[in-house]
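A.B. asks: Sequence and predicted structure, then a few things I'm wondering about:
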Amino acid sequence: MMNALFFSLAILFFSSAQGLLQSPSCDVTDHGSNLQVLHVNSPCSPFKTAAAAAPLSWEDSVLQMQSNDKSRLQYLSSLVAGRSVVPIASGRAVTQNPTYVVRAKIGTPAQTLFVAVDTSNDAAWIPCSGCVGCSSATFNYAKSSSFKPLPCGAPQCNQVPNPSCGGAACGFNVTYGSSAISATLAQDNITLAADSVHGYTFGCVRTTTGSSFPAQGLLGLGRGPLSLLSQSVSLYQSTFSYCLPSYKSVNFTGNLRLGPHSQPIRIKTTQLLRNPRRSSLYYVNLVAIRVGRKVVAIPPAAFAFDPASGAGTVFDSGTVFTSLVRPAYVAVRDEVRRRMGNATVTSLGGFDTCYAGAPIAVPTVTFMFAGMNVTLPQDNFVIRSSAGTTSCLAMAAAPEGNVNSVLNVIASFQQQNHRILIDVPNSRLGVARETCS
């Protein structure tokens, strides 16, 4: 069930860590309200064996990740526009599976699944026994004494897309990238680390097609009524933070902290903005970008927040490389090229600023948000081949011609080794540098 994105990430990421000879420790346990976040290709991940089956060149690895991001951006645009059907990019196999998973224990007695985390999604989807098109790892609801299907009259039935009541249980259909998903609403207990949420509502997946559905299910960390935050307000107070490991990390493990406790006290924050057309997305106010010490000239309209069109800037854990609206990206790219002087610039897929044999001469890039500056070192905006001979600016211009053209996405490559705090009650998003591998 693992897909081409996971294969490509494995080749690129593990080749970057060839010089690290230490063996990762996989015996770290979840505790309190803290969960270990695993990259799908971590040696500690149940999906790791799939990565070795598809040796790809570095170039093909990057191209497949870019292809995945194209599909992911289409998915985000569907959320902004309120559509339930997303066009599938042609050409290479495209998927948009989130690339980080956590352990979740579901039912009584508990059954463990590694569910993908997605900050731009609301509901939890769990593959149930008998599911057609799912992987072999499913939730056997018949063995759980606390499992309960939800009837059509349940209020949650009005909170899912395309509800149907052909039988006794509330059913619904949804698309996720290249996957079409059919599920019924149900409730059961879910345990994350040491915390239990009783009567958690989720989609019990019955059929799925395509390759985008995460192998063992998905946990939505958005702000919608069926998200984890909304269903655990008394426990976690709509607050969480996460830290994603560097792609150079040998074991690809970070962590997810749920609830207001153990969150960083000294952390720079910016205001969270709410788009009523899709309140689950975490919008922020990006006002400028600095390349090195120079604030590049970008028209304010490139960053303007407009709920009607979906324009603005979001943080997203499922997109790999940051995408900027074209005027903003061109300004950043041109300043990088200016600093490289007469060095020959090449391209690789969607990356149009690559250099062979010449390191990119920009020490930092700073995203300047309202009330918060986030200065990124090269590891967060330059991607290098395993041999170190080729380097590319790891950002791209937003695709033109649709709603994506007005949406800036701060993606996981740029978030790595940073603590990202989401504090919904206080309407703030925080970022702090942290080595979280």
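C.D. replies: Everything's here; your move.
A.B. asks: mind listing the strands for the stretch 201-350 of the chain?
C.D. replies: Residue ranges of the strands in the stretch 201-350 of the chain, as given by DSSP state E, counting those that start in this stretch, are 218-220, 239-243, 253-258, 268-273, 282-284, 286-291, 294-295, 312-315, 322-324, 346-348.
A.B. asks: Where does pLDDT dip in the protein?
C.D. replies: 1-25, 27-28, 39-42, 47-98, 247-252, 386-388, 401-404, 437 (pLDDT under 70).
A.B. asks: Quick one: the helices in it, in order.
C.D. replies: Applying DSSP state H to the chain gives helices spanning 4-16, 58-81, 228-231, 233-236, 326-339, 412-415.
A.B. asks: Who are the contact partners of residue 37?
C.D. replies: Residue 37 makes contacts with 100-102, 117, 242-245, 253-256, as judged by Cβ atoms under 8 Å, 6 or more residues apart in numbering. No exception for glycine: its C-beta is placed from N, CA and C like everyone else's.
A.B. asks: Show me which pair in these is furthest apart.
C.D. replies: Longest distance between any two of the contacts of residue 37 is 14.8 Å, between 101 and 243; criterion Cβ to Cβ.
A.B. asks: Compare those two and say which is more crowded by neighbours.
C.D. replies: Set residue 101 next to residue 243 and count neighbours by other Cβ atoms under 10 Å: residue 101 wins out with 28 against 22.
A.B. asks: and the more buried one, what does it touch?
C.D. replies: Taking Cβ under 8 Å, 6+ apart as the test, what residue 101 contacts is 37-38, 40, 45, 47, 114-117, 214, 216.
A.B. asks: Tabulate these (TSV), appending distance to residue 125.
C.D. replies: What follows is the contacts of residue 101, written out as TSV (distance: Cβ to Cβ, whole Å):
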residue	distance to residue 125
37	19
38	19
40	17
45	19
47	17
114	14
115	9
116	9
117	12
214	8
216	10
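A.B. asks: So residue 297 sits against residue 334, correct?
C.D. replies: No. Residue 297 lies out of contact with residue 334 (Cβ atoms under 8 Å); the separation is 9.5 Å.
A.B. asks: And these two? Which one has more around it.
C.D. replies: Set residue 297 next to residue 334 and count neighbours by other Cβ under 10 Å: residue 334 wins out with 14 against 10.
A.B. asks: got the contact list for the residue nearest to that one when sequence neighbours are not counted?
C.D. replies: Nearest non-adjacent residue to residue 334, counting by Cβ to Cβ, 6 or more residues apart in numbering: residue 296, 7.8 Å away. For residue 296, the contact set (Cβ under 8 Å, 6+ apart) comprises 288-290, 331-332, 334-335.
A.B. asks: From residue 358, how far out is the residue lying farthest from the centre of the chain?
C.D. replies: The C-alpha centroid of the chain is most remote from residue 342, which lies 36.7 Å away (Cα atoms, centre = their mean). Using Cβ to Cβ, to the nearest Å, we find residue 342 at a distance of 10 Å from residue 358.
A.B. asks: one step back: how far away is the residue nearest to residue 334 from residue 361?
C.D. replies: 16 Å.
A.B. asks: Then residue 202?
C.D. replies: In terms of Cβ to Cβ, residue 202 sits 49 Å off from residue 361.
A.B. asks: So for the two, which residue has more residues nearby?
C.D. replies: Under the criterion of other Cβ under 10 Å, the comparison of residue 202 against residue 361 puts residue 202 first, with 29 against 13.
A.B. asks: Just confirm the more buried one contacts residue 127, I think it does.
C.D. replies: No. Counting by Cβ under 8 Å, residue 202 sits too far from residue 127 to count as a contact (10.7 Å).
A.B. asks: For residue 341, what are phi and psi?
C.D. replies: phi 60, psi -130 (degrees, to the nearest 10).
A.B. asks: Can you get me a residue count around it?
C.D. replies: When counting by other Cβ under 10 Å, one arrives at 8 neighbours for residue 341.
A.B. asks: same deal with residue 161?
C.D. replies: Neighbours of residue 161 under the rule other Cβ under 10 Å: 12.
A.B. asks: That one reaches residue 173, doesn't it?
C.D. replies: Yes. Counting by Cβ under 8 Å, residue 161 touches residue 173, with 7.3 Å between them.
A.B. asks: Specify the beta-bridge partners of residue 433.
C.D. replies: residue 418 (DSSP bridges).
A.B. asks: number of nearby residues for it?
C.D. replies: Residue 433 sits with 15 neighbouring residues when counted by other Cβ under 10 Å.
A.B. asks: From what I see, it and residue 417 are in contact.
C.D. replies: Yes. At 7.0 Å, residue 433 counts as touching residue 417 under the criterion of Cβ under 8 Å.
A.B. asks: Now residue 324: closest residue in space that isn't a chain neighbour?
C.D. replies: Closest residue to residue 324 apart from its sequence neighbours, by Cβ to Cβ, 6+ apart: residue 408 at 5.2 Å.
A.B. asks: Pull up the gap between that neighbour and residue 292, please.
C.D. replies: Counting by Cβ to Cβ, the gap from residue 408 to residue 292 is 20 Å.
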